[in-house]
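In: Build me a structure from this.
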Amino acid sequence: MNATKPLQYPPLHAESPFELRGNWGQTVPESDVREALATGEMGFLHSFTTGSAVDGPGVRVVAWTTGCQFRCLYCHNPDTWNLDHGIPVTLERATEELRKYRHGLKVMSGGFTLSGGEPLMQDRFAVKLFAAARTMGIHTALDTNGSLGNRLSDAELDTISLVLLDIKCWNPEVHERLTRMEVRPVLDFARRLASRHKPVWLRYVLVPDLTDNPLDIAPLAKFAAELGNVERVDILPFHQLGEFKWKELKLNYKLQGVQPPPPEIIAMAREQFRSQGLNAY
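Out: You can find the predicted model right below:
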């Protein structure tokens, strides 16, 4: 693999994942990309952000990967869809970036979260970065849509302390309209995590007229409760913070003008999960 010069690229640290980035990986030869995906010795990252209190327990460092097979209508980071929008980062460099924060993360009962994009598009890089974090004694969390969970062996799952599982919608037709992908592999991965007693935080984005139907939320809540390993459910109200990215990238944004869900709809969704005995926020 050709050596990558970090100084060619912007800083890995970003103030926010909402920062628009793109095309930084287009200079990487295709052969190097294939080798990176096969070996995990290099990854493609949008950025590292610090201080998150919503991506797992405690205060978190989050690495945002690029590459995602979903095309969610409400995605607030469409600049992470394509792998070559990310900054090429060697595993060694990513590990050293994480090492800077290891003491502070332990003091603040936090840890490291790998998000995206979809991190399992770069599964070998993800596995090696999680292993490095665990070696440093850092709590690890994977934020995933779950559809590529079969890329991880059981032993590799064991390097992950917590899975933040984004289930977009229970209704198969709505899920496919929303993401262009099937929901079945996501639910299969959820069942596999349950069989291994892996702690899960379920994440559900509440979008008016798409994912706010009580008839779709109720069976998802029942399913989550029956799994037995869902520690909490986070209801994430839809927002428009990523709309500008769609415009900058010249993408067709179909949710323009859609308002965040009102408080009573958010409360309804939370109550659906709480009625099944789950901790919903």
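In: hey, where'd the strands end up in this structure?
Out: For the chain, the strands defined by DSSP state E cover 42-52, 60-65, 87-90, 111-115, 139-144, 162-166, 200-206, 230-237.
In: Rounded mean pLDDT for the longest one, please.
Out: Spelled out, that is strand 42-52. The average pLDDT for strand 42-52 rounds to 95.
In: quick check: angle from it to strand 60-65?
Out: Orientation check (axes from the mean of the first three to the mean of the last three CA atoms, to 10 degrees): strand 42-52 against strand 60-65 gives 150 degrees.
In: From the chain's centroid, how far away is strand 42-52?
Out: Strand 42-52 sits 12 Å away from the centroid of its parent chain (CA atoms, centre = their mean, to the nearest Å).
In: Mind listing what's buried along it?
Out: By 16 or more other CB atoms under 10 Å, the buried positions in strand 42-52 come out as 42-50, 52. Any C-beta I mention is one placed from the backbone N, CA and C, and that applies to glycine too.
In: what angle separates it from strand 111-115?
Out: Angle of strand 42-52 versus strand 111-115, following the same axes, to 10 degrees, is 130 degrees.
In: pLDDT wise, what is residue 123 at?
Out: The model reports residue 123 with a pLDDT of 98.
In: What number of residues are in the vicinity of it?
Out: By the measure other CB atoms under 10 Å, the count of residues near residue 123 is 18.
In: next one: residue 263
Out: 9.
In: Could you do residue 207 as well?
Out: Using other CB under 10 Å, residue 207 is surrounded by 23 other residues.
In: I'd guessed it sits against residue 236; true?
Out: No - in this structure, residue 207 is not within contact of residue 236 by CB atoms under 8 Å, at 9.6 Å.
In: Neighbours of residue 31, how many?
Out: The number of residues packed near residue 31 is 10, by other CB under 10 Å.
In: One more: residue 144?
Out: With other CB under 10 Å as criterion, residue 144 counts 26.
In: Bridged to it, which residues?
Out: Beta-bridge pairing for residue 144 (DSSP bridges): residue 165.
In: For it, report the pLDDT, please.
Out: At residue 144, the model reports a pLDDT of 98.
In: Now the strands of the chain in a markdown table, please, with extra columns for distance to residue 133.
Out: What follows is those, written out as a markdown table (distance: least, CB to CB, whole Å):
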| stretch | distance to residue 133 |
| --- | --- |
| strand 42-52 | 13 |
| strand 60-65 | 9 |
| strand 87-90 | 15 |
| strand 111-115 | 5 |
| strand 139-144 | 5 |
| strand 162-166 | 12 |
| strand 200-206 | 18 |
| strand 230-237 | 20 |
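In: highest average neighbour count across those?
Out: strand 111-115 (a mean of 26; mean count of other CB atoms under 10 Å).
In: Now do the helices in the stretch 51-200 of the chain.
Out: Assigned by DSSP state H, counting those that start in this stretch, the helices in the stretch 51-200 of the chain fall at 91-99, 102-107, 123-135, 154-157, 172-179, 184-195.
In: which of the ones you listed has the lowest average pLDDT?
Out: Mean pLDDT per stretch puts helix 102-107 lowest among the helices of the stretch 51-200 of the chain, at a mean of 92.
In: Can you tell me which helix or strand of this structure has the lowest average pLDDT?
Out: helix 102-107 (a mean of 92; mean pLDDT, DSSP states H and E).
In: Could I have the CA atoms of that helix written out in PDB?
Out: The C-alpha coordinates for helix 102-107 follow below in PDB (Å, rounded to 0.1, in the frame of the first residue of the first chain):
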ATOM      1  CA  ARG A 102      -7.800   7.200  27.000                       C
ATOM      2  CA  HIS A 103      -7.200   8.700  30.500                       C
ATOM      3  CA  GLY A 104      -9.900  11.300  30.200                       C
ATOM      4  CA  LEU A 105     -12.400   8.800  28.900                       C
ATOM      5  CA  LYS A 106     -11.800   6.500  31.900                       C
ATOM      6  CA  VAL A 107     -12.200   9.400  34.300                       C
END
